[in-house]
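Student: Next come a sequence and a model predicted from it.
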Amino acid sequence: MRIDVLTLFPEVIEPFCGSSIIGRARRGGLVTIRTTNIRDFATDRHKSVDDRPFGGGPGMVMMCPPLFAAVEKVESEDPAPATRVLLCPQGEPFTQAIARELAAQQRLLLICGHYEGFDERIRLGLAPREISIGDYVLSGGEAAALVLIDAVVRLLPGALGDEESTTEESFSAGLLEYPHYTRPREFRGMGVPDVLLNGDHARIEQWRRQEAVRRTRERRPDLLTEFDAGPPGGGPES
Ligand code: ADE
């Protein structure tokens, strides 16, 4: 997979994408991540990338010409068609299902804005998929792009070791994670549930599943499908 990030702040993107699982995936050749500074495509002597809004009002608006030029240049570097993604609070809410869809693409082009917003003709002319990482307003799209890159790259085949990948499976099943414990067995008066210590793997699996359902029902009932929720009023799994 190739991911291009178009941004005014490449220095924010680079260190994150060189570390941990993403860094390892890059070094292993699973993903190529490139940043492009939109300002390099500004045409005036002030290197402008934004301007005041027509009609007045507060803030600055990201201009079309530098961004279109950057998209066209980056896309021409590789014949594989890119899925264009615009990070913005008005976009569709980012989910694990969208991460899986994007992980199946050959090429992503992520566009990070700053300022009050984008000139509407960026939406019309580039027809990107618009994605939001939550109902709050960030000062720019970079943090959102990093969230998206992290969620997508860890899904690429080979990005996670065997031990790491089991975590993914349990969220994919639509439930929150069950509680985990490691050594020491006793810490500040807090023990470990007996079921985890007796080596009965069938019982352990059953307990983990029950705890995952319980935790999901308590914290995120909206995630429970009818199947997971069990009988109305709560059955043995409630
Ligand atoms: N840019 C600013 N806020 C954002 C958000 N919540 N999601 C994605 N991009 C953004």
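Tutor: Perfect, thanks for sending it.
Student: Spell out which parts of this protein neighbour the ligand.
Tutor: By the criterion of C-beta under 6 Å from any ligand atom, the positions of the chain lying close to the ligand are Leu87, Cys88, Pro89, Ser132, Ile133, Gly134, Tyr136, Val137, Leu138, Gly141, Ala144. C-betas here are computed from N, CA, C, even on glycine.
Student: which residues sit in contact with the spatially most central residue of the chain?
Tutor: Nearest to the geometric centre of the chain sits Leu148, at 2.4 Å (C-alpha atoms, centre = their mean). Leu148 makes contact with Val85, Leu87, Phe94, Ala99, Leu102, Leu110, Ile131, Ile133 under the criterion C-beta atoms under 8 Å, 6 or more residues apart in numbering.
Student: How many residues are close by the second one?
Tutor: Number of residues near Leu87 (other C-beta atoms under 10 Å) recorded here: 27.
Student: That one touches His114, doesn't it?
Tutor: No - look at Leu87 against His114 with C-beta atoms under 8 Å: they stay out of range, at 10.7 Å.
Student: Find residues that contact each of these two.
Tutor: Both Leu87 and His114 are contacted by Gly141, under the criterion C-beta under 8 Å, 6+ apart.
Student: what bridges to Thr32?
Tutor: According to DSSP bridges, the partner residues bridging Thr32 are Arg2.
Student: Would you mind confirming that it is in contact with Ile3?
Tutor: Yes - Thr32 sits in contact with Ile3 when judged by C-beta under 8 Å, with a separation of 7.2 Å.
Student: Have a look at these two and say which one is more surrounded.
Tutor: When neighbours are counted by other C-beta under 10 Å, Thr32 and Ile3 differ, and Ile3 comes out ahead with 27 against 13.
Student: and that one, how far is that from the ligand?
Tutor: Distance of Ile3 to the ligand, computed by C-beta to the nearest ligand atom, to the nearest Å: 16 Å.
Student: Check Val74 too.
Tutor: Distance, Val74 to the ligand, using C-beta to the nearest ligand atom: 19 Å.
Student: Could you do Ile149 as well?
Tutor: In terms of C-beta to the nearest ligand atom, Ile149 sits 13 Å off from the ligand.
Student: so how many other residues sit close to that residue?
Tutor: A count of neighbours around Ile149, defined by other C-beta under 10 Å, yields 22.
Student: how about it, what does it touch?
Tutor: Applying C-beta under 8 Å, 6+ apart as the definition, the contact partners of Ile149 turn out to be Ile3, Val5, Phe16, Cys17, Ile22, Ile33, Leu110.
Student: didn't the first one look like it was pressed against Ile111?
Tutor: No - proximity of Ile3 to Ile111 does not meet the contact threshold set by C-beta under 8 Å, at 11.9 Å.
Student: just the helices in the chain please.
Tutor: Taking DSSP state H, the helices of the chain run over residues 10-17, 20-27, 64-76, 96-103, 120-126, 142-153, 162-172, 201-219, 226-229.
Student: Comparing those, which yields the minimum mean pLDDT?
Tutor: For the helices of the chain, the stretch scoring lowest in mean pLDDT is helix 226-229; its value is a mean of 58.
Student: residues contacting the residue nearest to Arg84 when sequence neighbours are not counted?
Tutor: The shortest distance from Arg84 to any residue that is not its chain neighbour, by C-beta to C-beta, 6 or more residues apart in numbering, is 3.8 Å, and that residue is Pro128. For Pro128, the contacting residues are Arg84, Val85, Leu86, Ile111, Ile122, taking C-beta under 8 Å, 6+ apart as the criterion.
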